[in-house]
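sequence and predicted structure, then a few things I'm wondering about:
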Amino acid sequence: MNQPTDNHWPLTEALESRESIRLAKSYGLFVNGQFIRSSGSKKYWTINPANEKRLSRITESTPKDVDRAVRAARNCYEKHWSRMKPSERGKYIYRIARLIQEQSRELAILETLDGGKPIRESRDIDIPLAAAHFFYYAGWADKLKYAFPNRNPRPLGVAAQVIPWNFPLLMAAWKIAPALACGNTVVLKPAETTSLTALKLAEIIQQADLPAGAVNIITGHGPVGQSLIQHPDVDKIAFTGSTHVGKSIQTALATSGKRSTLELGGKAANIIFADAPIDQAVEGVVNGIYFNQGHVCCAGSRLFVEESVYDQVIEKIKDRIDTLRVGEPLDKNTDIGAINSKKQLAIIDQYIELGTAEGAHLYQPDCPLPDSGFWCLPTMFTDVSQSNRISREEIFGPVLAVQTFRTVAEVIKKANNTRYGLSAGVWTNKGSKIFNMTSQLKAGVIWANTYNQFDPASPFGGYKESGFGREGGLHGLAAYLALK
Ligand code: NAP
Ligand code: MG
C-alpha cells in the first residue's frame with residue numbers, strides 16, 4: 001500500500017492508533033435512555049471497508065422496537081422535554097457538544113474504521129463540525145422568540161430521522177441538534193453500514209444525562225427506516241439519502257399532513273472561467289470530487305472548463321490526481337480512503353465501465369491499491385457530452401466528468417440541465433460574474449472560488465430532485481417549529 005511510484009514521495013506510514021477506542025462486540029438499541037435488546041434476535045456485522053474485517057454486531061430493529069422507541073420519544077416530549085425551560089434544554093445540548101469534543105479522537109477513529117473515510121477528514125472535518133452544530137443550536141434554544149419574532153414558535157413533537165453513510169456523525173448532529181433545541185424529541189436511524197458513531201453518540205447522550213427518551217437511536221436496514229417514517233405517531237420526518245427513497249417517502253406521506261424535509265442526491269457543476277486563479281481552481285476541483293471518495297451529495301462531479309484554458313486545467317488536474325494517496329484510511333497521509341461498501345463500489349465500477357462505453361476518455365493514476373477492502377482510483381473522464389449518463393446521473397464516487405464551454409449563457413444552460421439542484425461552484429476573478437452566475441444557477445448552495453465549505457450557521461439544501469427544506473442556520477430551526 002502506498003508504495004513509492006514516480007509521482008509518490010515515499011512517506012513513512014503514519015497510522016492513527018486504535019488504542020483509544022472501546023468497541024463492544026455487540027450493540028443493542030438506545031431507547032428511553034438505555035441500551036436495550038431487540039424484541040427480535042437478528043443482528044448483522046458492521047465491517048471495516050478498508051480490510052473487510054468485522055468490527056461489531058449491530059441490532060436489526062423490529063417494528064415492535066420502532067414502536068417502543070417512538071412511544072419513549074412521545075412520552076418524553078409530553079412530560080419533560082417540551083415543558084422544560086428552554087435555557088435548560090440549551091444546557092443539555094451544550095453538554096453533548098462538549099462531550100463530543102472531549103471524545104473526538106475516539107469518534108474520529110470509529111468513523112474512519114466503520115465508514116472508510118481518511119482519518120484526516122474525520123478528525124478535522126466530520127467530528128469538529130458535529131460538535132459545532134450542537135454548540136450552534138444550543139445557543140438558539142432559549143432565543144427562538146428572537147429568531148422568529150411575533151410568530152409564537154412551538155415544537156412539532158416527535159421527529160423521525162433517517163440518515164445515510166457518507167457523514168454518519170455529522171448527519172446525526174445536523175438532525176438531532178436543531179430538533180432538540182426547538183423542544184422536539186427524536187428517533188434516529190443511522191445507515192446500516194455506519195452505525196457505530198451514532199451508537200457512541202447514544203453513550204454521550206447518556207453521559208449528558210438527557211431525560212430518558214429525548215433521543216432514541218435504532219439500528220437496522222432500509223425497512224427499519226421505512227417503518228419509522230411511516231409510524232403513525234411521528235410528527236416530523238427528516239430524511240437524508242437517495243432521491244429514489246426520498247420519492248417513495250414523499251409518496252407515502254402525501255396525504256398525512258406531516259411536516260418533512262428531504263435532503264437527496266446531487267450532480268453539481270463546478271465551473272472554471274479562463275480568468276480564474278487556475279491553481280486554486282484545480283485544488284477546488286480535486287477537493288470537490290475526490291474528498292471523502294466522492295461520497296458527497298454536493299460533490300462537484302461535473303466540471304465545466306472555459307475552452308481557452310482547457311488543456312492547462314486538464315494537465316494540472318492529472319498532475320494533482322497522480323499525487324493523491326489512496327489507501328489505509330487510518331494513515332494520516334491518506335487522501336482517498338475506502339469506498340463505503342462492496343455494493344457502492346459495484347455501482348461506481350459500473351459507471352466507470354459505462355463512461356468508457358459511452359465514448360468518454362478515462363484517466364486514472366498509476367497507484368497501487370490494497371489487496372483486500374473496497375477501493376476506487378480517482379477517476380476523470382474527458383470528452384464527455386451532455387447526454388452521457390456519467391454526466392447526468394449521480395455516481396456517488398470519485399469520478400469526475402469534464403466538459404467545455406465558450407460563453408456564460410452556454411455554461412449556465414449546461415449546468416442547469418440536470419434533474420438535481422443541490423450545489424455548484426464558480427471560479428473567476430470577476431465579482432460581477434460571480435453575482436451573475438449565482439443568480440442564474442439553480443442550486444441550493446453555490447460556492448465562489450472555494451468548494452465544500454460548511455458552517456452550522458449557513459443553510460444547506462436543494463431544489464428539484466435534490467429535495468426540499470433546509471438544514472443549518474435559522475432555516476434549519478424553522479424546519480422543527482410550528483410558526484404562526
Ligand atoms: P439511501 O439508500 O436512500 O439510504 C439513506 C438512509 O435511508 C439509510 O439509513 C437507509 O437504510 C434508509 N432507507 C433505505 N430505504 C428506505 C426506505 N424505503 N424508507 C426509509 N428509509 C430507508 O441512500 P444511500 O444510498 O445510503 O446514501 C447515498 C445517497 O444519499 C446519495 O444519493 C446522496 O446524494 C444522498 N445524500 C444526500 C445528502 C443531502 O444533504 N442532500 C447528504 C448525504 C447523502 P440502509 O442504510 O439500511 O439502506
Ligand atoms: Mg462499516
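Received it, and whenever you're ready, just let me know what you need. Keep in mind it's a predicted model, so treat the numbers as computed, not measured. Numbering: from 1, shown residues only. Ligands and ions are numbered 1, 2, ... in the order given.

could you use CA atoms for every contact and neighbour count after this?
Noted.

in a helix, Arg95, correct?
Yes: counting by DSSP: H, G, I helix; E, B strand; the rest coil, Arg95 is located in a helix.

which ones are touching it?
Shown in contact with Arg95 (C-alpha atoms under 8 Å, 6 or more residues apart in numbering): Ala208.

which residues of this structure lie near ligand 1?
Residues of the chain lying near ligand 1 by C-alpha under 6 Å from any ligand atom: 162-165, 190-192, 220-223, 225-226, 240-243, 245, 263-266, 297.

quick check: Pro277 vs ligand 2, distance?
Counting by C-alpha to the ion, to the nearest Å, the gap from Pro277 to ligand 2 is 39 Å.

what is the neighbour count of the residue of the stretch 251-400 of the chain at minimum distance from ligand 1?
Among the residues of the stretch 251-400 of the chain, Gly265 lies closest to ligand 1, at 3.1 Å counting by C-alpha to the nearest ligand atom. Other residues within reach of Gly265, judged by other C-alpha atoms under 10 Å, total 28.

just the pLDDT for it.
The score at Gly265 is 94. That number is its pLDDT.

list, one by one, the residues from the protein near ligand 2.
Neighbours of ligand 2 within the chain, by C-alpha under 5 Å from the ion: 46-48, 114, 193-194.

what ranges in the protein fall below the confidence cut-off?
1-9 (pLDDT under 70).

tell me the domain ranges of it?
Following automatic domain parsing, one finds the domains of the chain at 26-264+466-482, 269-448.

so Ile109 makes contact with Pro329?
No: counting by C-alpha atoms under 8 Å, Ile109 sits too far from Pro329 to count as a contact (9.5 Å).

now do the shared contacts for these two.
Residues touching both Ile109 and Pro329 by C-alpha under 8 Å, 6+ apart: Ile119.

list the contacts of Glu394.
Contacts for Glu394 were tallied using C-alpha under 8 Å, 6+ apart; they are 265-267.

check contacts around the residue of the stretch 251-400 of the chain at minimum distance from ligand 2.
Minimum separation of the stretch 251-400 of the chain from ligand 2 (C-alpha to the ion) falls at Asn340, amounting to 7.2 Å. Residues in contact with Asn340 (C-alpha under 8 Å, 6+ apart) are 49, 115-117, 165-166, 193, 374.

beta partners of Ile272?
Ile272 has these beta-bridge partners by DSSP bridges: Val305, Trp427.

count of neighbours near it?
28.

next one: Ser372
Using other C-alpha under 10 Å: Ser372 sits among 11 other residues.

what about the closest residue to ligand 2 within the stretch 151-300 of the chain, which SS state?
Nearest residue of the stretch 151-300 of the chain to ligand 2: Thr193, at 4.4 Å (C-alpha to the ion). Classification of Thr193 using three-state DSSP returns coil.

I'd say it and Glu111 touch.
No: between Thr193 and Glu111 there is no contact, the gap being 10.9 Å when judged by C-alpha under 8 Å.

more crowded one of the two?
The neighbour count for Thr193 versus Glu111, taken as other C-alpha under 10 Å, is higher for Glu111 (30 against 24).

ok, the residue in the chain sticking out farthest from the centre - contacts?
Residue farthest from the centre of the chain, counting by C-alpha atoms, centre = their mean, is Ser308 at 34.9 Å. Residues counted as contacts of Ser308 (C-alpha under 8 Å, 6+ apart) are Ala274.

if we go to 10 Å?
Applying C-alpha atoms under 10 Å, 6 or more residues apart in numbering to Ser308 gives the contacts 273-275, 404-406.

looking at those residues, which are in strands?
Judged by DSSP state E, the subset of the contacts of Ser308 located in strands is 404-405.

quick revisit: element containing the residue of the stretch 251-400 of the chain closest to ligand 1?
Per DSSP states H and E: Gly265 is located in neither a helix nor a strand.

what's it sitting at in phi/psi?
When quoted as degrees, to the nearest 10, the phi and psi of Gly265 stand at phi -80, psi -180.

tabulate the contacts of Asn340 (JSON lines), appending secondary structure.
Shown next, in JSON lines, are the contacts of Asn340 (three-state DSSP):
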{"residue": "Pro49", "secondary structure": "coil"}
{"residue": "Gly115", "secondary structure": "helix"}
{"residue": "Gly116", "secondary structure": "coil"}
{"residue": "Lys117", "secondary structure": "coil"}
{"residue": "Trp165", "secondary structure": "coil"}
{"residue": "Asn166", "secondary structure": "coil"}
{"residue": "Thr193", "secondary structure": "coil"}
{"residue": "Phe374", "secondary structure": "coil"}
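
dump those into TSV; add distance to His133 as well.
Shown next, in TSV, are the contacts of Asn340 (distance: C-alpha to C-alpha, whole Å):
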residue	distance to His133
Pro49	27
Gly115	21
Gly116	23
Lys117	20
Trp165	18
Asn166	17
Thr193	23
Phe374	31
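
where's the residue nearest to Gly397 when sequence neighbours are not counted relative to Leu377, distance?
With sequence-adjacent residues excluded and distances taken as C-alpha to C-alpha, 6 or more residues apart in numbering, Gly397 is closest to Gly294, at 4.2 Å. Computed with C-alpha to C-alpha, to the nearest Å, the distance linking Gly294 and Leu377 is 11 Å.

much appreciated, bye for now.
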